[in-house]
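1. The following block contains a protein sequence and its predicted model.
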Amino acid sequence: MAEEGENRFVHGSIVTMTELVLPHHTNQLGNLLGGQLMHWIDICAALTSAKHAGRVCVTASVDKIDFHHPIKLGDVVTLVASVNRVFNTSMEAGVKVFTENFIKGTRIHSNSAYLTFVSVDENGKPVKAHKITPKTEDEIRRYNEALERREARLSSIKKN
């Protein structure tokens, strides 16, 4: 485990999960249930957060999940997650979902999601998370956008 406060890089947090859409994952139209996809997204985001933090991380909020295209029975779903930014005890994880149909030879970006996780100790108490440094242009963009989403989320909480 890394030392507390140690700086880490975005690429070190990347987690990839692959799932096959089976009949028990679908609705009456043969489309993947939204709740099933949200479950997979939450797991993938939790894993990327834990990988970065080196400890258990718990879901604090789900900011946004966009459903761009339906996912069908028999499709292969690949979820790619990374930590976009660390604040104090919390961090934003971004998840991109790709859908592939091997028979048709297609691969599309079907969904995106942003979730906030909190790094916790053995007693479930929040602890300071390791800092993260973006390197690529895309990582820097996501790093900056994560702050904007956090500020908007906190602003909406204050209004309520």
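-> That came in fine, so what should we check first?
2. List the buried residues in the longest strand along the chain.
-> In the chain, ranked by residue count with DSSP state E as the criterion, the top strand is strand 106-119. For strand 106-119, the neighbour count (16 or more other CB atoms under 10 Å) marks 110-111, 113-119 as buried. For every residue, glycine as well, the C-beta is placed using N, CA and C.
3. Next, report how far it is displaced from the centre of its chain.
-> Here the centre of strand 106-119 is set off from its chain's centre by 5 Å, with CA atoms, centre = their mean, to the nearest Å.
4. Output it as CSV, restricted to C-alpha atoms.
-> Coordinates of the C-alpha atoms in strand 106-119 are reproduced here as CSV (Å, rounded to 0.1, in the frame of the first residue of the first chain):
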residue,chain,number,x,y,z
THR,A,106,-20.0,-3.3,-34.3
ARG,A,107,-18.6,-1.4,-31.3
ILE,A,108,-20.2,1.7,-30.0
HIS,A,109,-19.9,4.0,-27.0
SER,A,110,-23.3,3.4,-25.4
ASN,A,111,-23.2,5.0,-22.0
SER,A,112,-21.2,7.4,-19.7
ALA,A,113,-21.4,7.9,-16.0
TYR,A,114,-19.9,10.0,-13.2
LEU,A,115,-19.9,8.8,-9.6
THR,A,116,-18.4,10.1,-6.4
PHE,A,117,-16.7,7.7,-3.9
VAL,A,118,-15.3,8.1,-0.4
SER,A,119,-12.2,6.3,0.8
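5. so Trp40 touches Val80, yeah?
-> No. Proximity of Trp40 to Val80 does not meet the contact threshold set by CB atoms under 8 Å, at 11.8 Å.
6. From the neighbour counts alone, determine which of the two ranks first.
-> Each of Trp40 and Val80 has its neighbours counted (other CB atoms under 10 Å); Trp40 has more, 21 against 17.
7. Enumerate every residue touching the more buried one.
-> Contact partners of Trp40, counting by CB atoms under 8 Å, 6 or more residues apart in numbering, are 17, 19, 77, 79.
8. Reformat these as TSV; add distance to Gly105.
-> Listed next are the contacts of Trp40 as TSV, based on distance: CB to CB, whole Å:
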residue	distance to Gly105
Met17	22
Glu19	19
Val77	16
Leu79	21
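9. Among those, pick out the one closest to Ile65, please.
-> Within the contacts of Trp40, proximity to Ile65 (CB to CB) peaks at Leu79, which comes in at 11.8 Å.
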